[in-house]
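Enquirer: sequence first, then the predicted structure, then my questions.
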Amino acid sequence: MTNAALSVQPAPESDAVGKSFDKSLKALAPVLILAAAYIPLLILHATRLWATPHLQFFPLLLVGSGILAWRHASRLGPLEPGQTKPVLWLLGVCWGLLLIAGLVMAPSPGTMIALLTLPIAAYAWGGWRLLKGLWPALLLLWMAIPVPFDYDQTLIRNMRTMATDTSSGVLDVLGVDHLPLGNVIEIPGKTLTVEAACSGIQSLYVVLAATLFFVLLTQATVLRSLMLLATAVLWVLIGNILRLVVVVGGYARWGLDLSSGWPHELLGIVILFFTLAMIASTDSLYRLSGMLAKAIWNGAKVQWRKFQRKQGKSKNRSKTRNSAEELAESAPDLEVVASDERGSVSDLGPTRFPALARTSLVRWPVLAAFGLLALVQFVWLWPALSFPYLTSFAVVEIIENKVSADTLPSAVGPMIEPKYQAEHRELESDFGQNSRIWNYQFGPNQAIVSVDFPFQGYHELTVCYINSGWKLEKRTLTDGPSGPRVEADFTMPSGRHAFLLFQAFDAQGVPIQLPVETGGSPFVRLRKVAKSLKVWDAKVIDEHWRKFVDSEQIQVFVEGPRALTEAEREQARTLHDTARERVLDAIGASRRTNS
Amino acid sequence: MSDVTKPEAGAELKSGSGSKKRSRKRARSALVRWLIQYGPLLAAGLPALIIGLGAGSVAMAVLLNRDLRPAHYTAAAYSRAGSKDLEGAKVCFERLLRLNSGTDKTKFNLAQIYQQSGQPERALSMISELAPLDKTGHPPAHLVMAVYLLNRREISEANLLQAETHLKRVLEAGTGESENARMMLAQLYARSGRTQEAKVELTTLVQSRPELLLQLAALERSMGIEIDATTHAEKAFKTFSDRTLEEPNNLNNRVLSAGAAAFLKQYPKSESILLDALAKGDNRDIHSALAGLYLIWADDVMKDPQNGPSSWLPLLERGIRHEPKNPLLLDRFLTIINKHGRDNEETRSAMMDMLSDGKAPASAHFLLGVDAWQRQKPEEARFHWERAHELAPELVGASNNLAWVLASGANPDLPRALEIINLALDRSPKNPTYLGTRGRVLVRMEQWKDAVNDLEAALTSTPDDIDLHKDLATAYKGLGMTDLAARHEERAEKPQPTGAKP
């Protein structure tokens, strides 16, 4: 980035920010029109972030971004607007992208476009100098974008597996006999579930955001920033291994249950502060290392010069600059002092923005285009935003009010004497935050019917069982009149067998379709994205809308000492059919397909 | 010169030590400067450095410990299984399987843990995987499968065949379980009438396990090969008599030699061996063996119609003195009383003697009660059974009879009758006679539905019992099911041979 184009001229008095309220409002109106086009998708995105525990900290990003903006852009002196032509071109591109994002109801891409628009707006209003001052603040905001294509779920699973495996190794070293089964650690007399919260994903996002804020605030060099971010991941992993070891070891050795309730929360907070403290401590080490490296480099240079002088090989001795100065210039950039301290950004006095009217942002074609887009977005996305739509699909409320122990019969074929229980778990639990469970006796087996909710869209339940220590032997998909149903066979090395059936529906009984290919190739994903652009197709529109509704999953899990016979499988299917019909009847699913 | 030189040398020395001092001072001040400049950073970075190094060391320990885990978990699993820590043993065995170190032995032990933890289906599933029928698997698993198949309530031909295959797989493997497998195979053959094959297996076995000689002899006797039976019984007698001489305190050898003598019908010799053993110290097993001996002795004597009751009744009495609650003896006593037409006065006299001796008061009261009942003296019968029940509540026959007599007659004590028969059923829950008695009590208490449950259960073993049909008719009338009541009344009116009640 160059700042050669920056010309600092005192802004005319008339261009200063208006003194009266009316003037301010007038000046802000164009900004509001521009922002309005982004707001619907931003609201949807914020709603999603709020529903995702590991991203619930996003309001802090706004605070952090504000602090960075104040820190780096409050004394830029009088500013000049950027050039009009590139701004208009770039705004045009953003307008087009935002329109597409709105049509396919994609909140994350919409937010990304908003984050791309912000630097354009900053350049348009205050030129390169403002953009340069605001870039740390704008960069931090990108932490609010989740990893695309559900890769964050993959990340959660991998981190959880890594945390479980490594802590298992540590427990072995400590002599704590235990059995790790995917996300479950079994010790004599107790089974401890490693929930997503314990995987480190929550602390990873928070810690990375905090580290990024720290390096941006101190304007650390790129090398130090990257090293610190990489180290932050390591500390998060160490922290979570420590948490698991403390929970399991504490119970095994002293019977101390830190696996749930406030002790678990408190332990999590302690570990988070420990992680942040370790990152700060590591930063000190990096800074010290940088200083030492610089000192050693300088010392070596001085010795080299002395050596050269002694040997008389120095040809331009008289012209040689002071060695210390030269060395200072040629020293490697391992340091670490904030650029402010080095005086790279000069204090030009309080920042004075040019009048918006002078910028390319308030050209009438721009305002007209974005105003029209705002109107389109609000109309198009209104169903997803509006409260009545959400309540009609509010799975949690409907199931909690209408599904009870009596919803399922006391016997289905040979499956008898169901034991009913309602379960509430952590928000990010693999098996859903809530479950209504009927545990039937089925000969030597247990046939468990479970209605799990809420999920957003499709939820691949087989992965959850794999994470619980089961080995997937076979997975088949059957597509019947009541929607697609997955059947899967599992085994355990200890000789247990299981047969799983599951389907997902929204509150109105419409089956949730499976993704084209879970974990498919980029080409398949791109093809899917291209298909989703057919907004003139009612089916495609319906699928887009469905992204914002909650779903419930109805599963039957038959577990026993041997694999089920074909007749028993058929009985399990009958149980699943019965459960589905009874549950959908109970919740008054009006759009169900009669099977 | 020396005056001049000395001060110069001293000055040089001084200047040398001074420069050293200066350089030390310089070094000190450099260190102080360094500490002032870098100290805070170093102090702030130390925690990360120390904990990071600690984490690295732990990671190294984890890596080094990887290969040691199977050995650790194997030791822990067996140790926990040994100390009956089933949960802990399960965790350790399952961990071994997860570490891919699970041998068939591990799986078999895990299955046993499941069995002990009340998960028999899971255990069976695992063992059946270890013991396939089409090839030789884990020999102990084959043995367990055979035991499971042979212990089923109803054994089909297919079960027998599978059990035989499993046992043959054990023999094929030729491990330490072979002897047990051969013995079970012999039992299986004997059970299914393949006596010749059973004889072959037992003949092989007796080489190493002479305690099976008597079993072989019994088999041969059943096959009509009396000479071989006698030969083997004599061999057993000699073997265990010799062993008794070598180990006079080994009661097992004495019991076996007494058994061989009894098999050879040398009852006095057998009695003498057992009484000798008893003289060495009171032992419940010897009493039990003596009771058994007197029973078979009496049975043998009774076979000859020339022998009167005076020849075998004392034998039964001696038996009941050694084991008053021996069900076989009591049963034999009752059978004798009922079927052999023994003079009641003589019986009573014997019982009175037993009472006066104080050897078996409960049994004596019980038998006297039966005698009184047969003499149509229910009050006297009730007295004796009350006494028998008080003295030995575990004598469930007496409890049953007492409950019956309490529930019958003009002034029944139904709550007490129910309490007593429930005690009897606690000890013998599925006994049809006791169920029938409780059914009668419940009929008298007008608890029709429960009464029907018990009476119908009792009827499955004695479908022609008049009393049961009468009680069922009353119960169904009480329930308003007149058709069924009429049918039972009809059955009750038909004269059918029934045993005496109680």
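Expert: Ah, there it is. Numbers count the residues shown, from 1 in each chain, chains lettered A, B, ... in the order given.
Enquirer: can you name the residue of the stretch 301-450 of chain B nearest chain A?
Expert: Taking CB to the nearest CB, chain A has its nearest neighbour within the stretch 301-450 of chain B at residue B:449, 21.2 Å off. C-betas here are computed from N, CA, C, even on glycine.
Enquirer: where does the stretch 201-350 of chain A dip in pLDDT?
Expert: Along the stretch 201-350 of chain A, segments meeting pLDDT under 70 span A:201-202, A:313-346.
Enquirer: now do the helices in it.
Expert: Applying DSSP state H, counting those that start in this stretch to the stretch 201-350 of chain A gives helices spanning A:201-217, A:222-254, A:261-311, A:323-330, A:339-342.
Enquirer: how much space separates residue B:427 from residue B:281?
Expert: 30 Å (CB to CB, to the nearest Å).
Enquirer: quick check: pLDDT value at the closest residue to chain A within the stretch 401-502 of chain B.
Expert: For the stretch 401-502 of chain B and chain A, the shortest gap (CB to the nearest CB) falls at residue B:453, measuring 20.2 Å. At residue B:453, the model reports a pLDDT of 90.
Enquirer: over to the one 4 residues further on?
Expert: With respect to pLDDT, residue B:457 scores 87.
Enquirer: that older thread, which residues does the residue of the stretch 301-450 of chain B closest to chain A contact?
Expert: Residue B:449 makes contacts with residue B:479, as judged by CB atoms under 8 Å, 6 or more residues apart in numbering or on different chains.
Enquirer: give the closest residue to residue A:117 in space, chain neighbours not counted.
Expert: Closest residue to residue A:117 apart from its sequence neighbours, by CB to CB, 6 or more residues apart in numbering or on different chains: residue A:94 at 4.8 Å.
Enquirer: and the host helix or strand of the one you found, what does it pack against?
Expert: For residue A:94, the host element (DSSP states H and E) is helix A:84-103. When contacts are defined as 3 or more CB pairs under 8 Å, 6 or more residues apart in numbering or on different chains; DSSP states H and E, helix A:84-103 packs onto helix A:39-51, helix A:107-141, helix A:364-385.
Enquirer: C-alpha coordinates for stretch A:243-250, CSV please?
Expert: Output in CSV follows, covering the C-alpha atoms of stretch A:243-250 (Å, rounded to 0.1, in the frame of the first residue of the first chain):
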residue,chain,number,x,y,z
ARG,A,243,-9.6,-29.0,31.0
LEU,A,244,-10.4,-32.6,29.9
VAL,A,245,-7.6,-34.1,32.0
VAL,A,246,-8.7,-32.1,35.1
VAL,A,247,-12.4,-33.2,34.6
VAL,A,248,-11.6,-36.9,34.1
GLY,A,249,-8.7,-37.1,36.5
GLY,A,250,-10.6,-35.1,39.1
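Enquirer: what residues does that stretch touch?
Expert: The contact list for stretch A:243-250, computed with CB under 8 Å, 6+ apart, reads A:163-164, A:167, A:170-171, A:174, A:176, A:178, A:185, A:187, A:192, A:194, A:198, A:256-259, A:264, A:267-268, A:271.
Enquirer: let's see it at 10 Å
Expert: Applying CB atoms under 10 Å, 6 or more residues apart in numbering or on different chains, the contact partners of stretch A:243-250 are A:160, A:163-164, A:166-171, A:173-176, A:178, A:180, A:185-187, A:190, A:192, A:194, A:197-200, A:203, A:256-260, A:263-264, A:267-268, A:270-272, A:274, B:58.
Enquirer: repeat that for stretch B:189-197.
Expert: Stretch B:189-197 has contacts (CB under 10 Å, 6+ apart) with B:150, B:155, B:157, B:160-161, B:163-164, B:185-186, B:188, B:198-202, B:215, B:218-220, B:222-225.
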